[in-house]
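Participant: structure for this input, please:
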Amino acid sequence: MKGISLFLIGSFTGLSLFLYQQKPLAQSIADGEEIYIDFCMQCHMTNGEGVPGTFPPLANSDYLPDINKTIYALKFGLKGPITVNGKAYNSVMASQGLDDEEIADVMNYILRNWGNETEEVITEEKVASVQK
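Facilitator: Numbers count the residues shown, from 1 in each chain. Got it, this is the predicted structure:
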């Protein structure tokens, strides 16, 4: 009886770990592209160039490398003055209501497109660690 219990516990633990594995980066980026199209493209445009004076660019952005600040803006919204690539912006970005996994995916997409480069993989856990 004890052997069966240990077998069941071990099997359940192994299955849980298998199911909890992180999404592969390529899948996260692909999912992030869909999220970008649905939630971000209206303001930041198709190629991340933004709208001068209104919506800052994501392409070659000097704002994005501060990962926690960028995650915070996606999770909770952003208002007030910011400077991106030497230009001032002062508009409002409302929270889009994305969950932590969606934010991680769109971050992985943005951080690997339009001249942005990073080695960092943004995970759901990383996003969850950014609090208000």
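
Participant: could you tell me whether Tyr36 really is in a helix?
Facilitator: Yes: the assignment for Tyr36 by DSSP: H, G, I helix; E, B strand; the rest coil puts it in a helix.

Participant: where does the prediction get shaky in this protein?
Facilitator: Applying pLDDT under 70 to the chain flags the ranges 1-21.

Participant: helices of that one, start to end?
Facilitator: Remark: helices assigned in the chain by DSSP state H are 2-20, 25-35, 41-44, 67-76, 100-110, 124-129.

Participant: which strands and helices sit next to the fifth one?
Facilitator: Right, the one you point to is helix 100-110. On a contact count with 3 or more Cβ pairs under 8 Å, 6 or more residues apart in numbering; DSSP states H and E, helix 100-110 meets helix 25-35, helix 67-76, helix 124-129. (C-beta placed from N, C-alpha, C; glycine too.)

Participant: can I get these in JSON lines including distance to Asn108?
Facilitator: Shown next, in JSON lines, are these (distance: least, Cβ to Cβ, whole Å):
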{"stretch": "helix 25-35", "distance to Asn108": "5"}
{"stretch": "helix 67-76", "distance to Asn108": "11"}
{"stretch": "helix 124-129", "distance to Asn108": "10"}
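
Participant: and those helices as JSON lines, adding mean neighbour count and distance to Glu102?
Facilitator: Converted to JSON lines, the helices and strands packed on helix 100-110 look like this (neighbours: other Cβ atoms under 10 Å; distance: least, Cβ to Cβ, whole Å):
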{"stretch": "helix 25-35", "mean neighbour count": "17", "distance to Glu102": "5"}
{"stretch": "helix 67-76", "mean neighbour count": "17", "distance to Glu102": "9"}
{"stretch": "helix 124-129", "mean neighbour count": "16", "distance to Glu102": "9"}
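
Participant: out of these, nearest to Thr54?
Facilitator: If you check each of the helices and strands packed on helix 100-110 against Thr54 by Cβ to Cβ, helix 67-76 wins as the nearest, at 15.7 Å.
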